[in-house]
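Engineer: sequence and predicted model, in that order:
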Amino acid sequence: MKRYILHTPFNIYHFEATQWPHSVHKHTYFEIIFILRGNGIHNINGNAFEYTEGDVFLLGPEDYHNFEINLQTEFCFIRFNDFFNKQQLAEKNNSWVAIMDTLLYTSSQSRGSIVHDKQEKQKLHHLLAVLEEEYEHQSPYFEIIRDNLMRSIMMILARNLLGQTPTKTVPRDSVEAILRYIKQHIYEPPKLSIEHLAEVFHYSPAYVSLFFKRHTGESLKQYITQHKIKLIEARLLYSQLSLTEIADEFGFTDESHFCKQFKKYTGTTPTAFRKME
């Protein structure tokens, strides 16, 4: 399956189509998808959702999707990677961090469009219009305006997501809860050991591994490693962080240990991978 990458921490992609131009694919980034007009079917992770004007979808890096367009559709995609999100969380605002964790690491894509209320849709589309205009002109204050507009958009999405009654919380004994926990603590290796996960989710170490593989098709260790490597690849391609800074961020002992582990799983060194861009 093709995986699309984002070459900047943030961008906006606005287009119209009568036939969806892409095959089923994944991304290395998050997407907020606005349906400005048109209708059809949005296939997400094997589930089919009807879409129409005003709908808003949120997809993460592990989601795969495509559209079946019935009536010519105008799309607007806000795309941002984990590096952009991490910058926003750097201010240590605990309430904001909690909201973002809930929004980005809950399986919201299983519900289809996040927003159903007409007024809520209008608010989001007004914010999108301002954000697009600012994005096109890139004034000296663009980043400040962008961040505040994005915060407003995310807050409204979170409000609507939390206000939905079906599947309001993820059952603690579900694989979704484990996936969410891994994503939340990917920068804290001690919290991702089999023993620690077993303790958190009240399973034996042997059972938590079997449970995870039964529901995802891959081993717990393999999933954690691959998720971490994808984030590291994004740092190498889209940030100016040094190898030592990246090693420290992801909990490696030192730069040498980081380089050895990265080469073990990718077949190339971090320096060589960075030069591939």
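Structural biologist: It's in. Numbering: from 1, shown residues only.

Engineer: neighbours of the residue nearest to Leu243 when sequence neighbours are not counted, how many?
Structural biologist: If you skip the residues right next to it in sequence, Leu243 has Glu255 as its closest partner in space, 5.0 Å away by CB to CB, 6 or more residues apart in numbering. For every residue, glycine as well, the C-beta is placed using N, CA and C. Look at Glu255: counted by other CB atoms under 10 Å, it has 16 neighbours.

Engineer: Glu255 against Glu245, yeah?
Structural biologist: No: the pair formed by Glu255 and Glu245 falls short of the contact definition of CB atoms under 8 Å, at 9.3 Å.

Engineer: one step back: now do the residue nearest to Leu243 against Leu131, distance only.
Structural biologist: As defined by CB to CB, to the nearest Å, Glu255 lies at a distance of 38 Å from Leu131.

Engineer: same deal with His196?
Structural biologist: When distance is defined by CB to CB, His196 is 40 Å away from Leu131.

Engineer: these two: which is more packed in?
Structural biologist: Neighbours were counted for His196 and for Leu131 using other CB under 10 Å; Leu131 has more, 20 against 17.

Engineer: helices of the chain, start to end?
Structural biologist: Secondary structure of the chain (DSSP state H): helices at 82-89, 94-104, 118-137, 142-163, 175-184, 194-201, 205-216, 220-238, 243-249, 255-266, 270-275.

Engineer: now the residue minimising distance to the centre of the chain: phi and psi?
Structural biologist: Nearest to the mean C-alpha position of the chain, by CA atoms, centre = their mean, lies Gly60 at 3.1 Å. With angles defined as degrees, to the nearest 10, Gly60 sits at phi -110, psi 180.

Engineer: I'd assumed Phe30 was in contact with it.
Structural biologist: Yes: taking contact to mean CB under 8 Å, the distance of 5.6 Å between Gly60 and Phe30 places them in contact.

Engineer: mutual contacts of those two, please.
Structural biologist: Contact with both Gly60 and Phe30 is made by residues Leu104, according to CB atoms under 8 Å, 6 or more residues apart in numbering.

Engineer: tell me the pLDDT of Gln222.
Structural biologist: Looking at Gln222, its pLDDT stands at 88.

Engineer: before we move on, what about Tyr4?
Structural biologist: In the prediction, the pLDDT value recorded for Tyr4 is 74.

Engineer: kindly report the same for Thr165.
Structural biologist: Taking Thr165 on its own, its pLDDT is 43.

Engineer: how many residues are close by the nearest residue to Phe75 once chain neighbours are set aside?
Structural biologist: Nearest-residue entry for Phe75: Phe15, 5.9 Å, with adjacent residues in sequence omitted and distances by CB to CB, 6+ apart. Taking other CB under 10 Å as the criterion, the count of residues near Phe15 is 10.
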